[in-house]
Every structure is written in structure tokens, then in C-alpha cells.
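Undergrad: what follows is a predicted structure for the sequence shown.
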Amino acid sequence: MDARGCSAGQLDSDKDGVSDAADQCPNTPAGETANAQGCSASQLDADKDGVSDALDQCAATPASEGVANNGCSVTQGDAVAGAEVWTAQCVLCHGNFANHSTAAFPISADALVKTTAEDLAKYIEANMPQLTPTSCVGKCAADVAAYFAALTEEPVAQPDPVAGQALFETTCKSCHGADGKGLPPVFPSVQGATAADLIAAIGAASGTMPTIGASLTPAQIQDLGAYMSTLAPQADLAAGEALFKASCAACHGADGSGGVVSKPVIGKTADDLSAIIATGATMKAIGASLTSDQIRDLGAFMSNL
């Protein structure tokens, strides 16, 4: 006991409610609540990262990782908090997606998969944002890195045939016609053409399409392709009738009802004719001389018999 006759079990020097004999944390700051061992949050460091629990924003920091003043290592970022910082400071240059098509400095999706959140946080701490480097460090860098590392690629918009039709009306119709049939060989048909066909035409070494294509965005090309692919060639009934009389009537009859050895073709379509040509020995030889347009015209005529 001391000169006053008090033992350590009777004294509480820092007035934290725990006797000096049981107090593992002397000098607890006034006003702070201590635990049974006499320690307040500012005196504890549960994850032993050098930052007291009172100030530590990231509990359970891995033992091998260094921390910022807030007790957070580079792998303890909060992607939700990082998204807020990204929106405020990063999106203007980098966009909201990896490989963002309209970003001034797009983030490479390939590069993202080859790095780690730790490396990203270290880079952010040292270099970003570009105009005010080192203004986002510690927890800020860890948060942004967590969001950054999870960036997904920009969604691919689905082609819009309605927008493609409007563009076709103003850009393509004057040469290729309202139905896309064109005026070959000067203006080829674009009926059934796809975006890939259009890209090939734009990339040609000569002609007018490279010039026109230079004014189109990738999305507009996809929209045009979506519309042009719906432009089906129209069957010519008169041409089909003339061809039927010249090539088919002798065997199948003028009315298509068939003959002694030939089957009826009344109501047959172009698809039916294509199937017969593909499987029938006699028709295969005859069909070899027919173009796809002629088969289409014949089918249109026969389906009306």
C-alpha cells in the first residue's frame, strides 16, 4: 500500500472505473469508456496494424499488409464508397465502363484482368487524380481500387432497325431505292444485306461508300444492317409465269396439275421447290440452271396456281 494506506486494488489513477491492479491500459483518456481490462477503444489495436481501434476504419487488416492512417490496407477497399469517388473525380476521363467508347482515356478491360486491387490502389495513391495527385490515398485509394477492379465492359447496344430505317431513308434510298433493290451494277441491291456487308462496302478501296461510311458511327452501321437485312427481294409473278411456261409446263401441265410421270406443283412455294431440287434426281439437274431469284419467282407463281 502507499503512504495513504491504499493498495493498487483500491486505486484507480486514470478514473476509468478499473482499479490500477486490474488496469492493463493506464492513462485512459477522460470521458472514454473502458472495458473490464481498463482499456478504451483509443488504447486498443485488435488487428495490430498500428492504428487504434477508435481510429481504425478497417478491422482485421491482414498481418502482412501496411495501412494508412485510417487503418486500411489496399485490399480492404469498399467498392460502394469507391463508386462515389469515381463518379465525382474519375468518370469524366475514364467513363463508367472498361473500354468505354466515349471516354477520353478508356480503361483497358484486358489490362484490368492482369492487375490486382493492391497494385491499383498503390497507383492511385501516387498518381491520381491527374490534376491533384496524392489527394486520394489510404482508404480512398483502396475504395476506388475496389470499384475500379470490378469495372465491367460497356454493354453492347442491340441494333435498332427502326432507327436504321430512318437513316436509310435519308442516306441510302436515293441510290439504292426505297426497297433496297438498287440499280445494278452502279448501285447494287442491299436487300438482305447485313452490318458486316455494309462494313465491307465501306472498307472498299473505291466507290462512294467509303466516303459515306466515314460519316456513320458504329452504332448507325449496326442499325442500318438490322434494317437492310429485313428488306426481302420481292417475287416477280410475271417472270415466274414466263419461266414456268418455258421450263415446267411440259412436264407438270400448264395448270400445274401434273402429268403421267410428273407430280402436281399447285400451291408449291419457293421453299418447296428448293427442297425438291435438293433431293430429286431430275429436278436437281434442272434446278442447277436456276438462280435463286428465278426459284423465288417460280415459287410465287406456283403458290398462286
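TA: Received the coordinates, thanks.
Undergrad: C-alpha from now on. contacts and neighbour counts both.
TA: Noted.
Undergrad: regarding the nearest residue to Cys140 once chain neighbours are set aside, which helix or strand does it belong to?
TA: Spatial nearest neighbour of Cys140, excluding adjacent residues (Cα to Cα, 6 or more residues apart in numbering): Gly82 at 7.0 Å. Here Gly82 sits within helix 79-89, counting by DSSP states H and E.
Undergrad: now that helix: buried residues?
TA: By 16 or more other Cα atoms under 10 Å, the buried positions in helix 79-89 come out as Ala79, Ala81, Gly82, Ala83, Val85, Trp86.
Undergrad: so the nearest residue to the fourth one once chain neighbours are set aside, which state does it fall into?
TA: Right, the one you point to is Ala83. In space, and not counting its chain neighbours, Ala83 is closest to Tyr147: 5.9 Å by Cα to Cα, 6+ apart. Put simply, Tyr147 is helix when judged by DSSP: H, G, I helix; E, B strand; the rest coil.
Undergrad: return the per-residue confidence for Tyr147.
TA: Looking at Tyr147, its pLDDT is 88.
Undergrad: what's the answer for Cys175, then?
TA: pLDDT recorded at Cys175 is 92.
Undergrad: cool, and Ala68?
TA: pLDDT recorded at Ala68 is 65.
Undergrad: check Asp272 too.
TA: 85.
Undergrad: SS state for it?
TA: Under three-state DSSP, Asp272 falls in the helix class.
Undergrad: tell me how many other residues crowd it.
TA: 15 (other Cα atoms under 10 Å).
Undergrad: spit out the contact partners of it.
TA: Gly299 (Cα atoms under 8 Å, 6 or more residues apart in numbering).
Undergrad: tell me which residues are up against the helix holding Gly82.
TA: Residues from elsewhere that reach helix 79-89 (Cα under 8 Å, 6+ apart): Pro129, Cys140, Ala142, Asp143, Val144, Ala145, Ala146, Tyr147, Phe148.
Undergrad: next one: stretch 170-180
TA: With Cα under 8 Å, 6+ apart as the contact definition, stretch 170-180 has outside contacts at Glu169, Gly182, Leu183, Phe187, Pro188, Ser189, Val190, Gln191, Met228, Leu231.
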